[in-house]
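Asks: have a look; sequence and predicted model below, questions after that.
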There are 4 protein chains.
Amino acid sequence: MNAIDRPAPPWQVDRWFNTPHAITLDGLRGKVVVLEAFQMLCPGCVSHGLPQAARVHATFPREQVAVIGLHTVFEHHAAMTPVALEAFLHEYRIGFPVGVDRPGTHGPIPQTMQAYAMRGTPTLTLIDAHGRIRHQHFGQVSDLLLGAQIASLVHEAQAIAAMDETQRQRTGAADCDATGCALPA
Amino acid sequence: MNAIDRPAPPWQVDRWFNTPHAITLDGLRGKVVVLEAFQMLCPGCVSHGLPQAARVHATFPREQVAVIGLHTVFEHHAAMTPVALEAFLHEYRIGFPVGVDRPGTHGPIPQTMQAYAMRGTPTLTLIDAHGRIRHQHFGQVSDLLLGAQIASLVHEAQAIAAMDETQRQRTGAADCDATGCALPA
Amino acid sequence: MNAIDRPAPPWQVDRWFNTPHAITLDGLRGKVVVLEAFQMLCPGCVSHGLPQAARVHATFPREQVAVIGLHTVFEHHAAMTPVALEAFLHEYRIGFPVGVDRPGTHGPIPQTMQAYAMRGTPTLTLIDAHGRIRHQHFGQVSDLLLGAQIASLVHEAQAIAAMDETQRQRTGAADCDATGCALPA
Amino acid sequence: MNAIDRPAPPWQVDRWFNTPHAITLDGLRGKVVVLEAFQMLCPGCVSHGLPQAARVHATFPREQVAVIGLHTVFEHHAAMTPVALEAFLHEYRIGFPVGVDRPGTHGPIPQTMQAYAMRGTPTLTLIDAHGRIRHQHFGQVSDLLLGAQIASLVHEAQAIAAMDETQRQRTGAADCDATGCALPA
């Protein structure tokens, strides 16, 4: 069983590709996040995990689902450098943002990989619109099941957004953020 | 675009395989229905449509999603007889119920195929829990998109069921069917 | 091990498709013959055997290699009739000649299938330019190995043809057939 | 058309993997050589060229056919270092010997790649038992055709070996090598 429900740890990433600025999990709140952890020299990642992540990226609307790659190097560190990764992403035409997981301080496993308790690569983690880990697949997961899990989380997000809206309208509550509060439209 | 929203016509089927008794659309009310229209000598059905329907059958819970095959013969009628179909279903290990679409009274196109305005085979039709056609795919549809569409309809069914339940509890309404009415639990 | 060396029995075929006249093994003397025995409702034949035979047909020169299909029905006889086969060959765009193996007189196994001691379908039999069975593959054989075996038999045929030519030139022997003898060129 | 007939240039390789000592083309005289030129970050090499070379390695007898990989890096030099290649060969379980093509002195194309006039990667070159290039495939070549081409070259080698043997027996010539000469058996 791959169903889980716990807060997704923040991503420890110093270097990003395919994005003009760093991406944080908090910044994606409201979207379903598909986090594809891979190593560029992992055959199962190249033949299965990354093509599947690319299909998700091409299939679901960007405002509902974000696909993020995470390069979690836990072996052959001298071979899978950021320079090598950049060439790899170019040659394999990976279009979604990819972050390089920060090396571990004790041992070969990088920090985000450890925080997410991943067992290897590829690992696909589904994070809901509230930033909670809901599913984690190590190895292969079928497109049919993955499509269903993503759609379920999208629906949940929409149902809650609709409920929030109703609630806000009922209470006449203001729409607040760190800057201040705006009156309801 | 394959999104639709109209009542699904009843199935005109005289002969069923892989089921002890005839199946009606009304009898499946409350479930999402995946209707796979095929011909046993249609290469795209054999290589893509039927294996996909089998994956749906294996992936989703039976109490939420029903997979039904429909043999819609519109060419080579002498070759694709029920006897031939039975051998085909056995050899290809098709496990879900399959009905034989009733021949057309004018022309080669069978009756259910005509009522559903299908353009050929394979055609996958998604019917919601209320018996309405919601999506129709002629040819190939990806597992990722299909999984998402099925899950969306399942969620919708569950949301409405929950709403009905709330409504019933609020009004103290009885739970009625043809036999009579039971008091709310 | 699939290497054999025995005379290939004649084909017991009453009905041919994709050819204007009956084909005999004797008439193919001088060519390497790839005999693909199949049943139209055999999944392994449809997904593997027949596509491979079609690739052989498309890859090798017709004057060197002949591809012949043989419909060896040993089960579901009522389903796999010649009428059904004709529709099947049309829908699957099988372009090489296909003969219908003559039904057995005792039991379900047809006569040619029995004479070739085949164990099931698909069975690919390689017959050399002298009409001898040299390899027989039941189930799957890789394209790499099959390509090599065909080329070996083609080379053998050419080497022998060259030797015959040398011999004929040396002895000044005439080139004879049933009609008479022509002087050496 | 990919048929050629010219002497195969020697290999400019300083570093070898999967072999205890350097390999030269001269040392393989008498065998058919399948030379697979690739780059570890070339998608077509990873998905098609290298798996095909591995199938050749597994299918043909080692005493008749030698499979040799050549890492011909002409782009992303900083990413595809020997260290990275070693990790790649390990992860992808490449079992045949692989040499690193010597960098070009003018421009990015390495020396052997240039000498063989390759147009990119993957390029599969077939070298006959006499050290002559006979076929060169850039991109994809089918297993069926490749199997046939390899078998043809193997047959040719065997025919010539048999002829040499006959010739030697006729002339009573000694069988000589660097150590000395043995009397004919």
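Replies: In hand now; what should we look at? Numbering: from 1, shown residues only, chains lettered A, B, ... in the order given.

Asks: where in chain A is the helix or strand with the lowest mean pLDDT?
Replies: strand A:175-177 (a mean of 41; mean pLDDT, DSSP states H and E).

Asks: so which residue of chain A comes closest to chain B?
Replies: A:Gly147 (2.7 Å; CB to the nearest CB). Using the backbone N, CA and C atoms, a C-beta is placed for each residue, glycine as well.

Asks: interface residues of chain A facing chain D?
Replies: A:41-43, A:46-47, A:75-76, A:78-81, A:83-84, A:86-88, A:90-92 (CB under 8 Å from any CB of the partner chain).

Asks: in strands, which of the residues you listed fall?
Replies: Using DSSP state E, no member of the residues of chain A next to chain D falls in strands.

Asks: for ChimeraX, write the selection for the buried entries among the residues you listed.
Replies: The following ChimeraX line selects those of the residues of chain A next to chain D that are buried, judged by 16 or more other CB atoms under 10 Å in any protein chain shown:
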select /A:41,42,46,75,76,79,80,81,84,86,87,88,91,92
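
Asks: where along chain A do the helices fall?
Replies: Under the criterion DSSP state H, helices of chain A are mapped to A:43-44, A:50-59, A:82-91, A:111-115, A:143-171.

Asks: specify the angle between the third one and helix D:82-91 in degrees.
Replies: Read it as helix A:82-91. 60 degrees (axes from the mean of the first three to the mean of the last three CA atoms, to 10 degrees).

Asks: what's helix A:82-91 packed up against?
Replies: strand A:13-17, strand A:98-101 (3 or more CB pairs under 8 Å, 6 or more residues apart in numbering or on different chains; DSSP states H and E).

Asks: buried residues in the longest one?
Replies: Counting neighbours by 16+ other CB under 10 Å, one finds that the buried residues in strand A:13-17 are A:Val13, A:Trp16, A:Phe17.

Asks: that strand versus helix A:82-91: what angle between them?
Replies: Going by the same axes, to 10 degrees, strand A:13-17 makes 30 degrees with helix A:82-91.

Asks: give me the mean pLDDT for strand A:13-17.
Replies: The average pLDDT for strand A:13-17 rounds to 97.

Asks: what sits up against it?
Replies: A:22-23, A:70, A:82, A:85-86, A:89, A:97-102, A:112 (CB atoms under 8 Å, 6 or more residues apart in numbering or on different chains).

Asks: chain center to it: distance?
Replies: Averaging C-alpha positions (CA atoms, centre = their mean, to the nearest Å) puts strand A:13-17 14 Å from its chain's average.

Asks: look up the closest residue to the spatially most central residue of chain A, ignoring the ones flanking it.
Replies: Nearest to the centroid of the C-alpha atoms of chain A, with distances taken as CA atoms, centre = their mean, sits A:Leu35, at 2.7 Å. Among residues not flanking A:Leu35 along the chain, A:Thr125 sits closest, at 4.3 Å (CB to CB, 6 or more residues apart in numbering or on different chains).

Asks: so how far is stretch A:87-104 off the chain centroid?
Replies: 13 Å.

Asks: hmm, I typed the wrong one, I wanted stretch A:90-109.
Replies: With CA atoms, centre = their mean, you get 13 Å for stretch A:90-109.

Asks: now the end-to-end length of it.
Replies: 25 Å (CA to CA, to the nearest Å).

Asks: residues of that stretch that come out buried?
Replies: Applying 16+ other CB under 10 Å to stretch A:90-109 flags A:Glu91, A:Tyr92, A:Ile94, A:Phe96, A:Pro97, A:Val98, A:Gly99, A:Val100, A:Asp101, A:Arg102, A:Ile109 as buried.

Asks: I figured the fourth one was touching A:Val65, is that so?
Replies: No. Assessed by CB atoms under 8 Å, A:Phe96 is found out of contact with A:Val65, at 10.6 Å.

Asks: if I pick A:Val65, what's in contact with it?
Replies: Neighbours of A:Val65 in contact, by CB under 8 Å, 6+ apart: A:Lys31, A:Val32, A:Val33, A:Val34, A:Val56, A:Ile150, A:Val154.

Asks: so which of the residues you listed is the closest to D:Pro51?
Replies: The closest of these to D:Pro51 turns out to be A:Val56 (CB to CB; 25.7 Å).

Asks: burial count for that closest one?
Replies: Residues lying near A:Val56 (other CB atoms under 10 Å in any protein chain shown) number 22.

Asks: how confident was the prediction at it?
Replies: The model's pLDDT for A:Val56 equals 98.

Asks: correct me if wrong: it contacts A:Val67.
Replies: Yes. Using CB under 8 Å, A:Val56 makes contact with A:Val67 at a distance of 5.4 Å.

Asks: show me whatever sits in contact with both of those two.
Replies: A:Val34.

Asks: for A:Asn158, give me its contacts.
Replies: Heads up, residue A:158 is Gln, not Asn. A:Gln158 neighbours (CB under 8 Å, 6+ apart): none.

Asks: now it: how far from B:Arg55?
Replies: 26 Å (CB to CB, to the nearest Å).

Asks: cool, A:Thr112 as well?
Replies: For A:Thr112, the distance to B:Arg55 - CB to CB - is 32 Å.

Asks: since that was my last question, I'll sign off now.
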